[in-house]
Structures are given as C-alpha cells and as structure tokens.
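>>> this one's sequence-less:
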Ligand code: HEC
C-alpha cells in the first residue's frame, strides 16, 4: 500500500539525513579543492577539476537516461540545469536519496543505497551546478589535469 511505502520512505529519509549532513561538503574548501570559496565546482576556462569531471561521468552513467544529455531534461523528467539554479545541496541530496513519487507525476527513483551514486553525490551536484551557472558547455568537458 502506498501509505506503508511512504512510511518506509520517511524512515529512509530519517536514516539518511544525518549521513547527508555528514557528507555535505564544506564548500569553503571546495569539492575539487579549489580556493573559489562558495563554489561547489572547479571549472577554469571550461576545463574541470577531478571531482566535477567525476560528477559528469556519473551523471551520464545513470541520471541522463531520464534527465537528458548534459542535464537538459527529457519529456519524462525535468532539466536539472534549470532546477539547480535554485536548489541547494541539502535539498538535492534529500531528493536523490529518497526519490519522488507524487500523484500524476513520473517517478524519480531513490538512490540512497546506490554506492555508485550516493557517496559521490557532491561531485554530481558540482557538475550540475557548473552547468546551471553556465560555466560548463554541453558535452564531455576537458580536464584541468588529464589522467
Ligand atoms: C527513471 C528516471 C529517473 C532517473 C534515472 C533519475 N531521475 Fe531524477 N527525477 C525523475 C523524475 C520523473 C523527476 C520529477 C519527479 C516529480 O516532479 O515528482 C525527477 C526529479 C529529480 C530532482 C528534482 C528536480 C526538481 O526540479 O524538483 C532531482 C534533483 C533529481 N531528479 C536528481 C536526479 C539525479 C542526480 C539522478 C541520478 C543519480 C536522477 N535524478 C535520476 C526521474 C529520474
């Protein structure tokens, strides 16, 4: 029943919330170790730091299926390049952890237990914020320090 499912989801949120708070990156030091204080990403002239590039990779492994190449959205799910103009990291993390299943809306799955995603969420956020802020063009970015 959906009521039971909702309760399970809330239990998950309550379980995960402290972890999210703990993982919430202190952006003062930057996910990429950049000195650009409040910015969650490191992008210089369109080239990404390691964490932001990792976010690009992980986004295009999983999230792009619904949210579109480069975060531009699809008929199924919204453009995260627009959503992240407004959304802070904590709200983002809660949604990705527990998913969304609202009446008459398409389903956003929960990724709180996905070890390919959840422990690396700040990187995905960094990538999407760089896209939302317009400092990163669509497509595969180059890296500041190539492997
Ligand atoms: C199976 C399709 C699907 C996948 C895969 C998916 N999402 Fe979603 N996502 C959705 C849908 C549909 C919504 C809108 C749900 C709603 O509005 O109720 C959504 C909403 C969101 C929102 C809220 C956007 C807003 O404007 O309110 C965020 C943030 C988000 N997804 C992040 C992610 C991230 C990060 C990933 C990859 C880890 C991901 N999603 C993977 C379908 C998906």
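Cool, the structure landed. Just so we're clear, the structure is a prediction, and the values are computed from it rather than from any experiment. Numbering: from 1, shown residues only.
>>> Can you list the neighbours in contact with stretch 101-111?
5, 9, 12, 62, 66, 76-77, 95-100, 117-118 (Cβ atoms under 8 Å, 6 or more residues apart in numbering). For every residue, glycine as well, the C-beta is placed using N, CA and C.
>>> Now it: buried residues?
Going by neighbour count (16 or more other Cβ atoms under 10 Å), the buried part of stretch 101-111 is 108, 110-111.
>>> repeat for stretch 138-147
141, 144.
>>> Residues in contact with that stretch: which ones?
Contacts of stretch 138-147 (Cβ under 8 Å, 6+ apart): 42-44, 46-50, 52-53, 56, 69-70, 72, 131.
>>> number of nearby residues for the closest residue to residue 89 other than its chain neighbours?
Once flanking residues are discounted, residue 89 sits nearest to residue 125: 5.5 Å by Cβ to Cβ, 6 or more residues apart in numbering. Using other Cβ atoms under 10 Å, residue 125 has 29 neighbouring residues.
>>> Surely residue 125 forms part of a strand?
No. Per DSSP: H, G, I helix; E, B strand; the rest coil, residue 125 lies outside any strand segment and is helix.
>>> Tell me how far the closest residue to residue 127 other than its chain neighbours lies from the ligand.
Closest residue to residue 127 apart from its sequence neighbours, by Cβ to Cβ, 6+ apart: residue 55 at 3.1 Å. Distance, residue 55 to the ligand, using Cβ to the nearest ligand atom, to the nearest Å: 9 Å.
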